[in-house]
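Q: give me the fold of what follows.
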Amino acid sequence: MVAARNLIGLWAPRSFCAILLVAAAGCATYLTPGGGVNIETLFKADPDIAELLKLEPAAPFPARVAVVRVQASGYYSQGNRCYGSGRYCVVTTRDVEPEASYDTLAKLPQVAGLALMNRMLLPEKLTSAKDLRQSAATLKADLLLVYSLDTGFNIENTDIGPLALITLGFLPNKKAKVTSTASAALFDVRTGFVYGVAESTSMEEQRATFWSSSEAVDNARKKAESEAFRKLVDEIGKFWNDILRTHAARSPSPWPSRTTAKQ
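A: Numbers count the residues shown, from 1 in each chain. This next block holds a predicted model:
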């Protein structure tokens, strides 16, 4: 059993757990998930600011949108894994995103179709947004929506970082909270132009004594992440209307063979 030194005052010491091992199966633990990705780093891999400023939008409207979730390389959560290695990885199992939120995205005006990206289309090595854009191009997508969830755990004003073990079952009656921030950026698949970014945050707060099992903690995580994603979709809807006002009047040549498909 491992416990972070700076958190030793928040739960029972090892000696206490050792005594309880005789009567119980031991002190349960919960491994916090890995971190999120600062999405700005995906489209700022090229340090040449002048080149970034030359990027122009080229997507036609109605537009097909590919959607993908990225996390820090090596991301892990209970019941979920990440695909790929490099600067980030891709989560292809959707365990916290409400299906209704995808329906909301698909029903936005001037959206011709929504495609959820899977690992069959992705390279194993992931270094920049270009890798995702190339995969989106195989779907004949015009726009690429990239999002990430960054979730933190806190017990009585003490933060617990990603991939850290929390000892459960003997936490004092203090406030525990899970805070999740969902962030997203919308890319032009053809050029890499960034149409806009959005962000939202949600928090679940309860007494630490409720964290008596890994399932209880993970349920709090999922609830916070699900709500953060739902709010993120609302924010995307707001800036989507601005995108249409600015860019939908243009009519560049679309991809050949624009068929609607949902992966």
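Q: where in this structure is pLDDT low?
A: The chain contains residues with pLDDT under 70 at 1-27, 40-53, 170, 250-263.
Q: give me that answer again for 80
A: Scanning the chain for pLDDT under 80 picks out 1-28, 38-55, 78-79, 169-173, 249-263.
Q: so what's the residue count around residue 87?
A: Using other CB atoms under 10 Å, residue 87 has 17 other residues around it. For glycine as for every other residue, the C-beta is placed from the backbone atoms N, C-alpha and C.
Q: end to end on stretch 123-132, go ahead and measure it.
A: 9 Å (CA to CA, to the nearest Å).
Q: nope, stretch 186-201 is what I was after
A: Distance between the boundary residues of stretch 186-201 (CA to CA) amounts to 18 Å.
Q: and if you look at stretch 83-94?
A: 13 Å.
Q: any buried residues in it, and which?
A: Along stretch 83-94, these residues count as buried under the neighbour rule (16 or more other CB atoms under 10 Å): 84, 87, 88, 89, 90, 91, 92.
Q: which element, helix or strand, includes the fifth one?
A: What that stands for is residue 90. Using DSSP states H and E, residue 90 sits in strand 88-91.
Q: ok, now residue 183?
A: Per DSSP H and E: strand 175-188 holds residue 183.
Q: who does that strand pair up with?
A: Sheet pairing of strand 175-188 (DSSP bridges) gives strand 143-155 (antiparallel), strand 194-207 (antiparallel).
Q: residue 163: which of those strands is closest?
A: Using CB to CB as the measure, strand 143-155 is the one of the strands paired with strand 175-188 that comes nearest residue 163, at 11.3 Å.
Q: name the helices or strands packed onto whichever helix or strand comes after that closest one?
A: In the C-terminal direction, the helix or strand that comes right after strand 143-155 (DSSP H and E) is strand 158-160. The contact analysis (3 or more CB pairs under 8 Å, 6 or more residues apart in numbering; DSSP states H and E) places strand 158-160 against strand 143-155.
Q: next, the buried residues of the strand it packs on.
A: Buried residues in strand 143-155, counted by 16+ other CB under 10 Å: 143, 144, 145, 146, 147, 148, 149, 150, 151, 152, 153, 155.
Q: pretty sure the third one contacts residue 68?
A: Yes - taking CB atoms under 8 Å as the contact criterion, residue 145 and residue 68 are neighbours in contact, 7.4 Å apart.
Q: buried residues in the strand holding residue 183, which are they?
A: With burial defined by 16+ other CB under 10 Å, the residues of strand 175-188 counted as buried are 176-188.
Q: hey, what's the residue most central in space within the chain bridged with?
A: Centroid-nearest residue in the chain: residue 148, 2.4 Å away (criterion: CA atoms, centre = their mean). Per DSSP bridges, residues listed as beta-bridge partners of residue 148: residue 183.
Q: residue 201 touches residue 228, doesn't it?
A: Yes - Residue 201 lies in contact with residue 228 (CB under 8 Å); the separation is 6.1 Å.
Q: give the residues shared as contacts by those two.
A: 180, 181, 182 (CB atoms under 8 Å, 6 or more residues apart in numbering).
Q: sorry, back to before: what's near enough to touch the residue nearest to the centre of the chain?
A: Here residue 148 is in contact with 36, 37, 39, 69, 70, 71, 182, 183, 184 (CB under 8 Å, 6+ apart).
Q: let's see that with 6 Å instead.
A: 36, 37, 39, 70, 71, 183 (CB atoms under 6 Å, 6 or more residues apart in numbering).
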